[in-house]
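Enquirer: Okay, sequence plus prediction incoming.
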Amino acid sequence: ARNLAKEPGPLSLAPATAPFYPEFMARSEHPKTLIYQPHMRLPLGLNMPHKDAYQLVAKQVSMAKSNDEYQRITRIWAEMMCPLFQYPPHWILDELQVSSTGKRTSSIVKYSVGQKVVTAYGEGEILSVTEVTFQHGSSSLRYKVQLAFGTGYIQPEAILHIVPGTGHYVRMNGIMEHTELPSNGSDQMLDPKFSLLFGNQHAYCLLRVYCLLVRILADSKSLLDSEESSKAKVNSSDACEETQCDYNTVISALKKVLSNNISSLEFERVCRTASREKVAQMAILPKLVEKCANILGKIARGDTVLTLHDYTMMKITDPVKLRLLCLNVTENANYRIQLDLDAGWIYFSYLEPDQDLLVVPEYEEDENAGDALEEQSNNIGEDVDMETGEEDEDEEEVEDSEPDLPESKRQKLM
């Protein structure tokens, strides 16, 4: 990142990649971020089409994954992506209901009494947990939750995630356990508006691909919803014949590609009809959706990402303490991922486990540094003059000390 901040790579100039190329920085220009090490920054705001990105990836996951893996992936969306990007709960309720088996599985963590959670019916506090055993040997959990309008009994699938910053709970062997936080750390505190996650490579790749997917969708939507592009007509595609090829048409065609109802070539034809200038970025959307689904599958097959995110949900404002806690979970928590969705930015940086996390500038600028350098420069000039004067005096002494020689010998010496 430090090198690319000085000399950006060739992709930063290519027409197809320049709009989505990360901004590499040696240190953040905003002191409140507490980022004083090389990193990259990408625009990502709440006003971007996150819902479309979620629905596309969810459709790809449902088409390609097994039932157990599908349930695990829906829990990643519910417990991690939903609070990170502030999804409304109703966006993902359908997928949670479809993936539900009605039985207790290892895919869904068991919450503890006293935890405050976000449910399909709003926020509430868990009053009790009951395990019901069926005749065939399987069991199911039932939560008694105090909601804003009363008390209700809720199935595990109806609980999305805990309320951020309401307790210190970490999953251990499938159960949320209360944990004590260490007292050591730094005295530099992060603004609570930031969401800070120390993740492994899978977490980094997931958020990088998701970020690129959302940004391409946002750029395409901005273009296709404009007044000039909305007048374009589709003449050669059965997917949107005799209709305006707008953003919704492209999304509909993209869903058909993911369902194998149309080919990638037909989708590219739709994109080309919509915009000849942006066809390259829109044609890559199916591959991005597939890549995002594959990364989710790797996380679901046994990873520590959700455990690392449990510490993020505690809203620990000390970055040094949060990093130490995550490194205790896995030494691969090398990626610092920081979100400021209000300002519309997401930051990524990489730190080795033995590398210190800087929360203050490494080099403090001295206010009198300029005067000191000027004074030093003047002193250097005076020293040069003094040395020159001493050399002149030495030359005079040498001339005065020359012995008297006869004139004939002087001529020979000359």
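Expert: Looks like it came in fine.
Enquirer: The residue lying closest to residue 118 once chain neighbours are set aside sits in which helix or strand?
Expert: Leaving aside its sequence neighbours, residue 118 sits nearest to residue 160 (CB to CB, 6 or more residues apart in numbering; 4.8 Å). Glycine gets a C-beta too; all of them are placed from N, C-alpha and C. Using DSSP states H and E, residue 160 sits within strand 159-162.
Enquirer: residues making contact with that strand?
Expert: 78-80, 82-83, 89, 92, 96, 111, 115-120, 143, 169, 176, 313 (CB atoms under 8 Å, 6 or more residues apart in numbering).
Enquirer: Please apply the same query to stretch 76-92.
Expert: Here stretch 76-92 makes contact (CB under 8 Å, 6+ apart) with 46, 50-51, 54, 58, 74, 95-96, 109, 118-120, 160-161, 164, 195, 197, 210, 296, 299-300, 305-306, 309, 312-313, 339, 341.
Enquirer: now residue 339, nearest residue through space, not along the chain?
Expert: residue 195 (4.3 Å).
Enquirer: can you map out the helices along the stretch 51-200 of the chain?
Expert: 67-76, 82-84, 93-99 (DSSP state H, counting those that start in this stretch).
Enquirer: Using PDB, list the CA coordinates for the longest one.
Expert: The C-alpha atoms that make up helix 67-76 are tabulated as PDB, following Å, rounded to 0.1, in the frame of the first residue of the first chain:
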ATOM      1  CA  ASN A  67     -29.000 -27.600   2.800                       C
ATOM      2  CA  ASP A  68     -26.700 -27.600   5.800                       C
ATOM      3  CA  GLU A  69     -24.200 -25.300   4.200                       C
ATOM      4  CA  TYR A  70     -27.000 -23.100   3.000                       C
ATOM      5  CA  GLN A  71     -28.200 -22.700   6.600                       C
ATOM      6  CA  ARG A  72     -24.700 -21.900   7.800                       C
ATOM      7  CA  ILE A  73     -24.300 -19.200   5.100                       C
ATOM      8  CA  THR A  74     -27.700 -17.600   6.000                       C
ATOM      9  CA  ARG A  75     -26.400 -17.300   9.500                       C
ATOM     10  CA  ILE A  76     -23.300 -15.500   8.300                       C
END
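Enquirer: Quick check: buried residues in that helix?
Expert: 69-76 (16 or more other CB atoms under 10 Å).
Enquirer: Nearest to residue 288 among those residues?
Expert: residue 73 (16.6 Å; CB to CB).
Enquirer: For that closest one, give me the pLDDT.
Expert: Reading off the confidence values, residue 73 has pLDDT 93.
Enquirer: same check, this time on residue 125
Expert: We note a pLDDT of 97 for residue 125 in this prediction.
Enquirer: Repeat that for residue 360.
Expert: At residue 360, pLDDT is 88.
Enquirer: The residue lying closest to it once chain neighbours are set aside: what's it in contact with?
Expert: With CB to CB, 6+ apart as the criterion, residue 360 has its nearest non-adjacent residue at 6.2 Å, and that residue is residue 188. In this structure, residue 188 makes contact with 34, 318-320, 359-360, judged by CB under 8 Å, 6+ apart.
Enquirer: now the nearest residue to residue 320 once chain neighbours are set aside: how far from residue 323?
Expert: Once flanking residues are discounted, residue 320 sits nearest to residue 186: 4.2 Å by CB to CB, 6+ apart. As judged by CB to CB, to the nearest Å, residue 186 and residue 323 stand 10 Å apart.
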